[in-house]
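Colleague: Predicted structure and sequence below. I'll ask about it afterward.
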Amino acid sequence: MSQDQHTDHASHDGHDPANIAKLWKMIKDMRFGMFTTRHENGHLHSRPMTTQNRGTDTDDVLWFFMSRSSEPCADLQRDAQVNVAYADPSSDTYVSVAGTAELVEDAGRKRTLWNTATEAWFPNGPDDPDVALVRVRITHAEYWDVHESKAVQLLKMARSAVTGHPPKDMGEYGQVRMH
């Protein structure tokens, strides 16, 4: 989905607190994101990861657990620039978050964020030395929130195909700049 073709591209000030609140509202229920790192061969690799933020964690940080011995952990230590993409096709909501990742040594934070779903991946608990706590400081995010029903979207796309003009008013596009 191209922002120019499928969404309003009204100018949104990236530092607007309303946009930041909208970002968190959109991703709070999308627990899984595609976490993208740059592999040592230069290729981008994406893997599904669970966002560990709680409802009150709505600052400029995303939290993840991963294995210290895993490829994504090695990748982000070589190149800290990452992307996390979220999608909820049922509500036509899409978010792309760019940021800087780092391993954080904070046993208290690990225990605070720990949950039974995490336990399934790391049965030895939060004190397991292989469990890495990863903080992604959000630098920039973009979101697409389509408000039209599927039927209206199809009608607008069909009209576009006939007229040769891209569909308009298909939803909201916004940007958030944290730093």
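Modeller: In hand now; what should we look at? Numbers count the residues shown, from 1 in each chain.
Colleague: buried stuff in the longest strand seen in the chain?
Modeller: Once the chain is assigned using DSSP state E, the strand that runs over the most residues is strand 131-145. Using 16 or more other CB atoms under 10 Å as the test for burial, strand 131-145 gives 131-138, 141-145. All C-beta atoms are positioned from the backbone trio N, CA, C, and that covers glycine.
Colleague: which one of those is nearest Glu105?
Modeller: When those are compared for distance to Glu105 (CB to CB), Leu133 wins out at 7.6 Å.
Colleague: Would you mind measuring from that closest one to Asp79?
Modeller: Separation of Leu133 from Asp79 (CB to CB, to the nearest Å) stands at 19 Å.
Colleague: ok, back up a step: export the buried residues of strand 131-145 to a markdown table and append columns for distance to Ala85 and pLDDT.
Modeller: Converted to a markdown table, the buried residues of strand 131-145 look like this (distance: CB to CB, whole Å; pLDDT from 0 to 100):
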| residue | distance to Ala85 | pLDDT |
| --- | --- | --- |
| Val131 | 24 | 97 |
| Ala132 | 21 | 97 |
| Leu133 | 21 | 97 |
| Val134 | 16 | 97 |
| Arg135 | 18 | 96 |
| Val136 | 12 | 96 |
| Arg137 | 17 | 95 |
| Ile138 | 13 | 94 |
| Ala141 | 10 | 93 |
| Glu142 | 10 | 92 |
| Tyr143 | 11 | 89 |
| Trp144 | 11 | 87 |
| Asp145 | 15 | 83 |
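Colleague: In its sheet, which strands sit next to the longest strand of the chain, and in what direction?
Modeller: Taking DSSP bridges as the criterion, strand 131-145 pairs within the sheet with strand 61-67 (antiparallel), strand 93-104 (antiparallel), strand 172-177 (antiparallel).
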